[in-house]
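Engineer: would you be able to build a 3D model of this:
(chains A and B)
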Amino acid sequence: MATLNPQVKAVEYAVRGPIVLKAADIERMLQQGVKQPFSEVIKANIGDAHAMGQQPITFLRQVVALCCFPELLDSPVFPDDAKQRAQRILQDCGGQSLGSYSASQGVQCIRQDIADYISRRDQGVPSDWNNIYLTTGASDGIMSILKLLVSGHGSSRTGVMIPIPQYPLYSAAISELEAVQVNYYLDEANCWALDVEELQRAYLEAKQHCQPRVLCIINPGNPTGQVQSRKCIEEVLHFAYEENLFVMADEVYQDNVYSSDCEFHSFKKILYEMGPEYFNNVELASFHSTSKGYTGECGFRGGYMEILNMDSQVNSQLVKLLSVRLCPPVSGQAAMDVIVNPPEEHEPSYSQFNKEKSSVLDSLAHKARLTEQILNSVPGMKCNPVQGAMYAFPQIFIPPRAIQEAQALSVAPDMLYCLKLLEETGICVVPGSGFGQREGTYHFRMTILPDPEKLKVLLEKVREFHLRFLEEYSHPEPQLNICTETEHRETSKQPN
Amino acid sequence: HRKWSERKVTIFTPMSDQQETGPTMRRLSQLESVVLWNRARQIKRELKQGVKKPYREVIDISWGDPQGGGIKPLSFVRQVLAACHYPQLLNSDKLPEDVRQRAERLLKECAGRSTGSYTATQGIPYIVKGISEFITRRDGGVPSFPNNIYISSGSHAVKTGVLTPVPCYDKVNMSIRELGGVTIPYYLHEDQGWELQIEELNRALESAKGVCNPVALYVMNPGNPTGSLPQRRSSFSWLMRVNDLEFVSYKKVLAEMGPPISETVELASFHSASKGLIGECGLRGGYVELVNVDPAVMEYIYKLFSTDSCASVPGQIALNLMTHPPQPGDPSYSLYNETTLIHNVRRVFEVLNSVPGFSCQPVEGGGFAFPRLHLPLNAIHKAKEAGMQPDEFYCVRLLEESGLLVNPGWNFEQKEGTSHFRMNIMIKEETLEGVLRRLVSFHTKFMKEFS
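Structural biologist: Modelled structure (predicted):
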């Protein structure tokens, strides 16, 4: 322990943290036949779609299988459009094989396809494939950019502004890099809106003890699920421009928008629409991934980032940094290519592809509404609308006695809540303390991924548990009663 | 309105202000051999556009990428992967029985029967267990515990010092510096087959005093770029006969040395699906086995790995196929043949050692040859004029005139005043003949020009 890198000691990552380890223990006990008040552990802690029964998109798996084993290109089982894409990808791979290292920025034709996709998505805003980097999941890209940007000592140490609540990769990375974490609070009373005045407050306060340089936004939000309005994004970009901040836009849930009142706008598109003074100056890195959306390909570890306006010398350093890890998994790059280059209307796989895509997204939208509805019907629980992403993040009322008990056990009150939830119902969720929250408030994050029937059962159990929990911890102190009775008996025995 | 990034270029700056000293402690900001890679890219473009050159294509043997060099992947591996990704393939008889069985088994271990699910942080338990069994078998029974194994998708990674060999795979030194650490070079003895000498390790350790806090020793076995296997030493002075070379893991030797050493020396052993018989570089599958690491530290290692979620599932599957290949009697066994690199190794050794200006130590293992160049003084001066290291200058000329791309020894660090280059020998035999032809022809001309 003495020689352990001190930065590692500070790293926490709640999504795979202690509660998940406990859940795994309980699962093992169940397998060994130990009786529990439930028959299975439901892992609603991690955004892992396939694990919860979501089906992979056929076309994507066909293309990847063809890339893995090109002999299949002769098989009548695979449609022509899948074959054509596989051939195109393999053509750009060393030795025409997925098993070759790719350039560290990724396979060229895939980078080009991504640039085309971004341009289409953003209604024509130009995208240069030279600014596109394939990454090992979005996390790898995020980590690399942060590594690049963190420097300085003492009061000039880089400050990284992150939303509270946030996806804990950011706080973990900040810890590991010994950067300064600068919290800006999302407004729970206002559907987790991002208020620029709050950004300014956080910035000014941080300037006293560090040099804030980076502004991280997650849109749609994780764990909060809010989708930023166009106006809000503009204000944020204007703020970044004024204060010379590097903007990191985590947009991995860009395909997960459920509310009909909301629409995904990329930070890049809005920046472009703000005119050349902004578009040519604000430094922006935008991230995407194969793990979310409608494909849910977490295991492939696919992702990309698009970088705008980075100084060319800094860029050379980035290229060098990325080359140390050689290249991202090529299968993941292939998966990313299918996402940005799906079947077109005239192609054979088009109708099935769209059917599958709609089915997944409609189901998610339905489950988002269902979850919000049921959680809001529980007294002592308040859940903001799940506008996008894959999670519900309800606020839970925890009675003072429970808070005291948690303090006595040296755990966060919502961790105590989640542990009890796990032990009594087998449902594994992540306490809000793992994501950050306003002092005195408590939450938990659950995914909306289980199939609708299972989800309903899960939500029912959560409701029942919550009511029990409130009941258990709302009774006045039993000791108090005994004391007064004894006192009474004593005093009544007293002579004269 | 200036970008902040124009105002600062403080990247990879070590935490303290201590200046790096010596040619071997170079800052990461120095871009290595950019001239060579840029020129290679340019030449490839020119060839595509039809520009006439003394060769029709560039042969890139600068990376350790067998499939990039034309070697075909193993069918068994690719069939299993394809079936795992697209299980509909399991319904037909097209794929051999053992492929279908393995794919079924692996899918059973994936959440939701999908390769698209996240896995446990350390890797799919079935695959991790397989790796521990593989290690135990390989090491003649020395036990390996799944809890000490982490599957990874790639590098992860007061002033901490790490002893690293010279020459050394460049990414190692870069990783260490990236983390703010300091590399402490220990020189392998070229004339004795790149031997690792204990006296040299001691000298290196002494040199670190007052400069940094040495906490780790990095060894590569077989070596990259040298291809050397370490001599096995113990108080009984075991000797390896040249023709009877055998890979012995550090872990096995550690176990056989008995307590207290076997219970105290902290060891991390790394392996990968990128090399060996399987050569699946692009899948990014590797593992680390940790021995004698403090349990409290193991907890932190877990946390660190968990922020990356998990290793790429195709990479994990490749590892399983590497640790548990088809057995005699399985339908795919005959196709899973050994790529004999022995021919390539012998050929390189005999050709290069017969040409004046070249000398090459025997390549005992690994995937590369690292021949020494004995360059004439005129060439060294010309290189200096051009602002390049002598071996870099040689490699640029080699590329220009013969279309051969190798990796200059300067990138791997070497004894002051020596020149080398590294070439990938995990290539087809015919390709190697072409490579040696071009190399010898160029070398003869070059030596004549600068004599």
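Engineer: lowest confidence element among the helices and strands of chain B?
Structural biologist: In chain B, the helix or strand scored least confidently by mean pLDDT, DSSP states H and E is helix B:4-7, which has a mean of 38.
Engineer: give me the next element, helix or strand, following it.
Structural biologist: Downstream of helix B:4-7, the next assigned helix or strand under DSSP states H and E is helix B:34-48.
Engineer: that next one packs against which elements?
Structural biologist: If you count contacts as 3 or more CB pairs under 8 Å, 6 or more residues apart in numbering or on different chains; DSSP states H and E, helix B:34-48 packs onto helix B:390-402. Placement of C-beta: from N, CA and C, glycine included.
Engineer: what sits up against the helix it packs on?
Structural biologist: For helix B:390-402, contacts defined as CB atoms under 8 Å, 6 or more residues apart in numbering or on different chains pick out B:33, B:35-36, B:39-40, B:43, B:54-55, B:58, B:373, B:375, B:379-380, B:382-383, B:386, B:388, B:404-410, B:419-421, B:438-439, B:441-442, B:445-446.
Engineer: try it again with 7 Å
Structural biologist: Under the criterion CB atoms under 7 Å, 6 or more residues apart in numbering or on different chains, residues B:33, B:35-36, B:39-40, B:43, B:54-55, B:373, B:375, B:379-380, B:382-383, B:386, B:404-406, B:408-410, B:419-421, B:438, B:441-442, B:446 lie in contact with helix B:390-402.
Engineer: kindly export it (C-alpha atoms) in CSV.
Structural biologist: The C-alpha trace of helix B:390-402 is given here as CSV (Å, rounded to 0.1, in the frame of the first residue of the first chain):
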residue,chain,number,x,y,z
PRO,B,390,22.4,7.5,-37.9
ASP,B,391,20.0,4.5,-37.9
GLU,B,392,17.1,6.8,-38.7
PHE,B,393,19.0,8.2,-41.7
TYR,B,394,19.7,4.6,-42.9
CYS,B,395,16.1,3.6,-42.5
VAL,B,396,14.8,6.7,-44.5
ARG,B,397,17.2,5.9,-47.3
LEU,B,398,16.2,2.2,-47.1
LEU,B,399,12.5,3.2,-47.5
GLU,B,400,13.1,5.6,-50.3
GLU,B,401,15.3,3.3,-52.4
SER,B,402,13.8,-0.1,-51.7
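Engineer: now do the buried residues in it.
Structural biologist: Neighbour counts using 16 or more other CB atoms under 10 Å in any protein chain shown place B:390-399, B:401-402 of helix B:390-402 among the buried residues.
Engineer: could you do stretch B:139-149 as well?
Structural biologist: So stretch B:139-149, judged by 16+ other CB under 10 Å, has buried residues B:139, B:142, B:144, B:146, B:148-149.
Engineer: give the rounded mean pLDDT of that stretch.
Structural biologist: Averaging pLDDT along stretch B:139-149 gives 92.
Engineer: likewise for stretch B:331-350?
Structural biologist: Mean pLDDT, stretch B:331-350: 74.
Engineer: and if you look at stretch A:187-197?
Structural biologist: Across stretch A:187-197, pLDDT averages out at 95.
Engineer: now do the helices in the stretch 201-350 of chain B.
Structural biologist: Assigned by DSSP state H, counting those that start in this stretch, the helices in the stretch 201-350 of chain B fall at B:250-256, B:261-264, B:295-306, B:313-323, B:342-352.
Engineer: winner for burial among those helices?
Structural biologist: Among the helices of the stretch 201-350 of chain B, helix B:313-323 has the highest mean neighbour count (mean count of other CB atoms under 10 Å in any protein chain shown), at a mean of 28.
Engineer: show me how far that one is from its chain's centre.
Structural biologist: 18 Å (CA atoms, centre = their mean, to the nearest Å).
Engineer: that one - contacts with which helices or strands?
Structural biologist: Helices and strands touching helix B:313-323, by 3 or more CB pairs under 7 Å, 6 or more residues apart in numbering or on different chains; DSSP states H and E, are helix B:75-85, helix B:125-138.
Engineer: what's the nearest residue to residue 100 if we skip its chain neighbours?
Structural biologist: Using chain A here. residue A:94 (3.3 Å; CB to CB, 6 or more residues apart in numbering or on different chains).
Engineer: I was thinking of chain B, sorry if that wasn't clear
Structural biologist: residue B:90 is the one closest to residue B:100 (CB to CB, 6+ apart), at 5.3 Å.
Engineer: swap in residue B:162?
Structural biologist: Spatial nearest neighbour of residue B:162, excluding adjacent residues (CB to CB, 6+ apart): residue B:216 at 4.5 Å.
Engineer: quick revisit: so what's the residue nearest to residue B:100 up against?
Structural biologist: Going by CB under 7 Å, 6+ apart, residue B:90 touches B:83, B:100, B:103-104.
Engineer: any weak-confidence spans in chain B?
Structural biologist: Within chain B, the stretches with pLDDT under 70 are B:1-34, B:154-159, B:230-246, B:277, B:334-341.
Engineer: need the phi and psi values for the residue positioned nearest the centre of it.
Structural biologist: Centroid-nearest residue in chain B: residue B:224, 5.8 Å away (criterion: CA atoms, centre = their mean). Dihedral angles of residue B:224 (phi, psi; degrees, to the nearest 10) stand at phi -130, psi 120.
Engineer: thank you kindly, that will do.
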